[in-house]
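In: Make a model of this:
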Amino acid sequence: MDAILEGCGAAIIDADALVHDLLRPGTPQTRQVAAEFGEEFLTADGAVDRRALGAKIFPDHQARARLNAIIHPAVRRREEERKEVLRRTGGGIVITDAALLVETGRYKIYDRLVVVACDPDLQLSRLLARDRDLTVAAAHRRLAAQAPLEDKIALADYIIETDGSLTETTRSSQAVYALLREDLDCKQRGMPLPQRRRADGKG
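Out: Residues are numbered from 1 along each chain as shown. This next block holds a predicted model:
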């Protein structure tokens, strides 16, 4: 998905990649995680063992909240730094790819919310294919930690459907990107953003 939008011309800020960088050996966040949850959640080289930590926090709401308190502020700082670099080098459409924007309420700071959606069974199978060490029960817990898809869709300005073929997903992504270009043009002209149109970008 990110590759399609990058191909259209968008700059992507991948929140998961920012987290991965923050949890390298020796970072302040890695030290905080070790102090909060125990050094058994570090790998041999001193990075955070994200798989082991995930197995602990996803069933435990309070543990997730403690981890988020460590990680989210640092991710936000990194995101703003990246945006500033992009502003200085020409601007354009910047998309933050993050899983928990709705859950944290942070989606409200962005001009538009784009939701990538697919059938729940397909979402589950893709998660299991991506992480082959994950059990079905653990995968369900991870998905349950997110807001229901229908809640995200209700808030979305645009939706990219990924149930179909790559060609169909590409077409949907390009349609949404075209609408985002129109939104950016309005913003640059000092005009209000258009009224929300069909969230799937088809008209």
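
In: For the rest of this, base every contact and every neighbour count on C-alpha atoms.
Out: Will do.

In: residue boundaries of the helices in this protein?
Out: 2-8, 15-22, 28-37, 50-57, 61-88, 101-104, 120-130, 136-144, 149-155, 166-188 (DSSP state H).

In: Go through those and name the closest to I95.
Out: Each of the helices of the chain was scored for nearness to I95 using Cα to Cα, and the closest is helix 2-8 (8.8 Å).

In: so where is this protein shaky, pLDDT-wise?
Out: Along the chain, the parts satisfying pLDDT under 70 run over 196-203.

In: Ok, which of the helices of the chain comes nearest D111?
Out: For the helices of the chain, the distance to D111 is smallest for helix 166-188, at 8.6 Å, taking Cα to Cα.

In: Check the offset of that closest one from the chain's centre.
Out: Going by Cα atoms, centre = their mean, to the nearest Å, the spacing between the C-alpha centre of helix 166-188 and its chain's C-alpha centre is 18 Å.

In: Packing partners of it?
Out: Contact partners of helix 166-188 among helices and strands, from 3 or more Cα pairs under 8 Å, 6 or more residues apart in numbering; DSSP states H and E: helix 2-8, strand 158-161.

In: hang on, the earlier thing: the helices of the chain: which one's closest to L113?
Out: When these are compared by Cα to Cα, helix 149-155 sits nearest L113, at 7.5 Å.

In: how much space between V75 and V94?
Out: 16 Å (Cα to Cα, to the nearest Å).

In: List the contacts of A74.
Out: A74 makes contacts with L22, as judged by Cα atoms under 8 Å, 6 or more residues apart in numbering.

In: and the gap between it and L149?
Out: 26 Å.

In: try A34
Out: A34 is 33 Å from L149, where distance means Cα to Cα.

In: And Y110, how close does it get to D21?
Out: 23 Å.

In: Distance of the residue nearest the centre of the chain relative to R181?
Out: Of all residues in the chain, the one closest to the mean position by Cα atoms, centre = their mean is A98, 1.3 Å from it. Counting by Cα to Cα, the separation of A98 from R181 is 20 Å.

In: How about V48?
Out: V48 is 39 Å from R181, by Cα to Cα.

In: So for these two, which residue has more residues nearby?
Out: Neighbour tally, V48 and R181, criterion other Cα atoms under 10 Å: the higher count belongs to V48, 26 against 15.

In: May I have the beta-bridge partners of that one?
Out: L42 (DSSP bridges).

In: what's near enough to touch it?
Out: Contacts of V48 by Cα under 8 Å, 6+ apart are 23-25, 30, 33-34, 41-42.

In: 10 Å - rerun?
Out: 20, 22-27, 29-31, 33-34, 39-42 (Cα atoms under 10 Å, 6 or more residues apart in numbering).

In: do K83 as well
Out: 11-13, 77, 89, 91, 94-96.

In: Correct me if wrong: G46 contacts V33.
Out: No: contact between G46 and V33 fails when scored by Cα atoms under 10 Å: they sit 11.2 Å apart.

In: These two - which one has more neighbours?
Out: Taking other Cα under 10 Å, G46 and V33 do not tie; V33 has more neighbours (21 against 17).
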